[in-house]
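Colleague: sequence and computational prediction follow.
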Amino acid sequence: MPVIIVNERAAMGEYPLVSIVTPVYNLADFIEETVQSVLNQDYPRIEYVVMDGGSTDGTLEILAKYSDRIRVISARDRGAADAVNRGFRLTSGEIFAFLHGDDLYMPGAVRTAVEYLMAHPDAGGVYGEANWITEDGQVIGRYPTRDFDPEALACECYICQPACFLRRRVFIQAGLLDPDLECAFDYDLWMRIARFARLDRIDAVLAASRMRRSNKTLGQRKRAFQEALRLVERYYGYAPFEWVYCYTAFLIDHRDQFFEPLRPSVTKLLASLPMGLWHNRRRPWRFLREWVRWWNPRSAARHWARLRQRA
């Protein structure tokens, strides 16, 4: 595959090749801005593949405008994770990232990530800060990231996917994305990588994550919660209170807990006990102890504030 030269001012051999894959399906309203956010990067060596799932809304016509700078593959797939995996196999970059068809890179994001990875060869990848944006691109908040901690991943997905760049060997060793997951395949990837590699956090805004009521995180909220619970049970053998409570709250009031913020209540807290004990059948006493701590007024306010930040 030919390399897309975004900036010809530097000699090619001085920089590692970065491969970026965008999975897209019927996102004509957003895909051009996503593509431009990649092509306008100031990094000299990027190969860019867009994997279209068979769009019928004009997405392909928009992509055709950039046919001299990107590679577009249009075919039916099993979903975004499958599309990313197939696109990855078409690339050869030492550093790999995937960017959904409605998300954006900030100016300088690729260069910032590569410079960090070149200076820290022991890091398996790097992730930065990210903004949440609306459908029309307005910033509505900051994604709640935190320093890398494998154990903390059990409680929350604190790595914003479009703001993460991985070494190719790490993505391969992790086994790529799980195509059987519809919503939480990035969360699953972080937990698998955490078993053998370190991801470093940097204090720079690298991406924007577009929040829409129809996207997978919010539009398939029940499935997203169910997948997250299965994953933490699989990798940690335990479903923490945070995930259990948020899922219980959703089942009671159906609020998406982003545009419709989480509303704590005694009813939801009480209902989370049998839910948590069922998900933690092998470790019921651990969950019971954790559940009791949430009744402590000295720490409850801090706990609830953290829960309200989750999306």
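Modeller: Arrived safely, thanks for sending. In this text the structure is predicted, and so the values were computed from the model without any measurement.

Colleague: now do the SS call for Gly128.
Modeller: The three-state assignment at Gly128 reads strand, by DSSP: H, G, I helix; E, B strand; the rest coil.

Colleague: please name the nearest non-neighbouring residue to it.
Modeller: Setting aside the residues directly before and after it, Gly128 is nearest to Leu206 in space (CB to CB, 6 or more residues apart in numbering), at 3.6 Å. In this view, the C-beta of every residue, glycine as well, is placed from N, C-alpha and C.

Colleague: packing partners of the helix or strand where that neighbour lies?
Modeller: Assigned by DSSP states H and E, Leu206 belongs to strand 199-210. In terms of contact count using 3 or more CB pairs under 8 Å, 6 or more residues apart in numbering; DSSP states H and E, strand 199-210 is assigned the packing partners strand 104-105, helix 109-119, strand 125-133.

Colleague: follow the chain on from it and name the next helix or strand.
Modeller: Past strand 199-210, the next helix or strand by DSSP H and E is helix 216-219.

Colleague: can you give me how far the helix or strand encompassing Trp190 is from the chain middle?
Modeller: Taking DSSP H and E as the criterion, the element that holds Trp190 is helix 185-193. Relative to the mean C-alpha coordinate of its chain, helix 185-193 is positioned 9 Å out (CA atoms, centre = their mean, to the nearest Å).

Colleague: could you pull out the strands for this structure?
Modeller: Using DSSP state E, the strands of the chain run over 18-24, 46-52, 71-74, 95-98, 104-105, 125-133, 139-142, 164-167, 199-210.

Colleague: which intervals of the chain have sub-threshold pLDDT?
Modeller: For the chain, residues meeting the criterion pLDDT under 70 lie at 1-13, 216, 297-311.

Colleague: domains in it, as residue ranges please.
Modeller: Listed by automatic domain parsing, the domain ranges of the chain are 12-216, 238-308.

Colleague: quick one: closest of the strands of the chain to Lys268.
Modeller: For the strands of the chain, proximity to Lys268 was assessed by CB to CB; strand 139-142 is nearest, at 23.3 Å.

Colleague: would you put the C-alpha positions of that closest one in CSV?
Modeller: Listed in CSV are the C-alpha atoms of strand 139-142, where the atom choice follows Å, rounded to 0.1, in the frame of the first residue of the first chain:
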residue,chain,number,x,y,z
VAL,A,139,-17.1,21.0,23.1
ILE,A,140,-19.3,19.8,26.0
GLY,A,141,-16.8,18.4,28.4
ARG,A,142,-13.5,16.5,28.9
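
Colleague: strand partners (parallel or antiparallel) of that strand?
Modeller: Using DSSP bridges, strand 139-142 pairs in its sheet with strand 125-133 (antiparallel).

Colleague: buried set for the helix holding Trp190?
Modeller: Along helix 185-193, these residues count as buried under the neighbour rule (16 or more other CB atoms under 10 Å): Phe185, Asp186, Tyr187, Asp188, Leu189, Trp190, Met191, Arg192, Ile193.

Colleague: out of those, which one sits closest to Val232?
Modeller: Using CB to CB, Met191 comes nearest to Val232 of these, at 7.9 Å.

Colleague: just give the closest residue to that closest one, not the sequence neighbours.
Modeller: Here the nearest residue to Met191 in space, its sequence neighbours aside, is Tyr235; by CB to CB, 6+ apart that works out to 4.8 Å.
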